[in-house]
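**Q** how would this look folded up:
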Amino acid sequence: MKKAIITGVTGQDGGYLAKLLLSKGYKVYGAQRRNTGKRYWRLDELGITDKIEFVDIDLGEPYNIEKVIEQVQPDEFYNLAAQSFVGLSFDQPQVTTITNSLGVLNILEVLRHKFPKCKFYQASTSEMYGKVVETPQRETTRFHPRSPYGCAKAYSHYLTQNYRESYGLFACSGILFNHESPMRGEEFVTRKITKGLVEWKHTGKVLELGNIESYRDWGHAEDYVEAMWLMLQQDTAEDYVISTGKTIQIKDFITRCLDELQIAYEFRGHEVIDLGTRKHIIKTNPKFFRPAEVDLLVGDSTKAKEKLLWKPKHTLETLVSDMIKEDLRRWTTRY
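**A** Predicted coordinates:
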């Protein structure tokens, strides 16, 4: 039986990845910080909480990392732990940088010296491209990050690449473009939209958003964690872009959600009005704008499709439908 450690197991990607690995017969160890609290709602909804063995880990302490890996003896190590909210990284640049980069260094150092046969996956991000120099973005596209989050992730990406080339570790990064699901955190714009519109439908509470003109390449997290797993099943470690290759405006995502909820509306600039009451559904709030915006992201995942034989199963339409239906269910269950 293969064994895998997943950091960030209680997050969106961690939950879906754990579910996938369990379905493939893995023994899954969920690594978490002792003092962060046990937030298992995603794992509970996926029905896998009792199938995971949880271990306490502090990525800031190399000795602790070594102790956990020595205890588990994993075949694969998936590092999904991060401060992953881009907007927050502007308010907490030091915490974001330390959390998203030092931990990766510590893991790689432990693997290099003590467990060189363990395969390592690092969660990179399309936010590293930032102010894009070419479209679409691929593995060879130069990075120009536009946030402390993107900068920290770029460091960890290059560090993973360096340890692969310098020490022969099986270490690779997945440059994942935006991937959403019903398990997305409420601070992320897609979930903020689906949850906020469901709440408006029931209470009339206005949803406040920032820039809705940006373009993003949105896929489903369930598809993207399969790509993570496929990367570690190869004979040679390489980095891969994972994306749909299609891009839409946040404004278009809003439109699809409103249509899914059968709400009659019209746009007035960046704001949305209910045609029945003529009251606001969505208003713009400047506090949600980033100091430096990323205007356009769209990935080219040709390499992943050709080498990993990876192919997404979900469409944007099914993604929107899944997220709206689940937020409606949660609202009904809650109230």
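
**Q** what's the first helix or strand after the helix or strand bottoming out on mean pLDDT in the chain?
**A** Lowest on mean pLDDT, DSSP states H and E among the helices and strands of the chain sits helix 86-91, with a mean of 79. The helix or strand immediately downstream of helix 86-91 is helix 93-97, counting by DSSP states H and E.

**Q** unless I'm mixing things up, residue 103 is touching residue 81, no?
**A** Yes. At 6.5 Å, residue 103 counts as touching residue 81 under the criterion of CB atoms under 8 Å. The way it works is simple: take the backbone N, C-alpha and C, and place the C-beta from them, glycine included.

**Q** quick check: neighbours shared by those two?
**A** 7, 59 (CB atoms under 8 Å, 6 or more residues apart in numbering).

**Q** check which residues of the least confident helix or strand of the chain are buried.
**A** 86, 87, 88, 89 (16 or more other CB atoms under 10 Å).

**Q** which one of those residues is nearest to residue 233?
**A** residue 86 (30.2 Å; CB to CB).

**Q** show me what contacts that closest one?
**A** When contacts are counted by CB under 8 Å, 6+ apart, residue 86 touches 127, 147, 149, 150, 290.

**Q** out of those, grab the one that's most surrounded.
**A** residue 149 (27 neighbours; other CB atoms under 10 Å).

**Q** tell me the secondary structure for that one?
**A** At residue 149, secondary structure determined by DSSP: H, G, I helix; E, B strand; the rest coil is helix.

**Q** that one reaches residue 91, doesn't it?
**A** No. Using CB under 8 Å, residue 149 makes no contact with residue 91, being 11.1 Å away.

**Q** that older thread, residue 97: which of the contacts of residue 86 is nearest?
**A** Comparing these against residue 97 with CB to CB picks out residue 149 as the nearest, at 8.9 Å.

**Q** and the closest one, how far from residue 89?
**A** Distance, residue 149 to residue 89, using CB to CB, to the nearest Å: 4 Å.

**Q** burial count for residue 50?
**A** If we define neighbours as other CB under 10 Å, then residue 50 has 9 of them.

**Q** shouldn't it be within a helix?
**A** Yes. Counting by three-state DSSP, residue 50 is located in a helix.

**Q** got the CA positions of stretch 26-44 in CSV?
**A** What follows is stretch 26-44, C-alpha atoms only, in CSV (Å, rounded to 0.1, in the frame of the first residue of the first chain):
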residue,chain,number,x,y,z
TYR,A,26,-3.4,4.9,-0.5
LYS,A,27,-2.9,5.3,3.2
VAL,A,28,-3.4,9.0,3.6
TYR,A,29,-1.8,11.1,6.3
GLY,A,30,-3.2,14.6,6.8
ALA,A,31,-0.5,16.9,8.1
GLN,A,32,-1.7,19.9,10.1
ARG,A,33,-0.4,22.5,12.6
ARG,A,34,-1.3,21.6,16.2
ASN,A,35,-2.6,25.0,17.1
THR,A,36,-4.7,25.9,14.0
GLY,A,37,-7.9,24.1,15.2
LYS,A,38,-9.6,21.2,13.5
ARG,A,39,-11.5,22.6,10.6
TYR,A,40,-12.8,19.4,9.0
TRP,A,41,-16.0,20.6,7.3
ARG,A,42,-14.7,19.8,3.8
LEU,A,43,-13.5,16.4,4.8
ASP,A,44,-16.8,15.8,6.5
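
**Q** what does it rub up against?
**A** Counting by CB under 8 Å, 6+ apart, 1-7, 9-12, 14-15, 18, 21-22, 49, 51-58, 68, 72, 74, 81, 183 sit against stretch 26-44.

**Q** mind listing what's buried in it?
**A** 26, 27, 28, 29, 30, 31, 32, 40, 42, 43.

**Q** specify which member of those residues is nearest to residue 330.
**A** For these, the closest approach to residue 330 (CB to CB) belongs to residue 42, at 12.3 Å.

**Q** ok but the closest one is inside a helix, no?
**A** Yes. Using three-state DSSP, the assignment for residue 42 is a helix.

**Q** helix, strand or coil for residue 5?
**A** On the basis of three-state DSSP, residue 5 is classed as strand.

**Q** isn't it up against residue 73?
**A** No. Applying CB under 8 Å as the test, residue 5 and residue 73 come out as separate, 9.9 Å apart.

**Q** so where do the helices sit in the stretch 51-200 of the chain?
**A** According to DSSP state H, counting those that start in this stretch, the stretch 51-200 of the chain carries its helices in the segments 62-72, 86-91, 93-97, 103-114, 148-167, 189-203.
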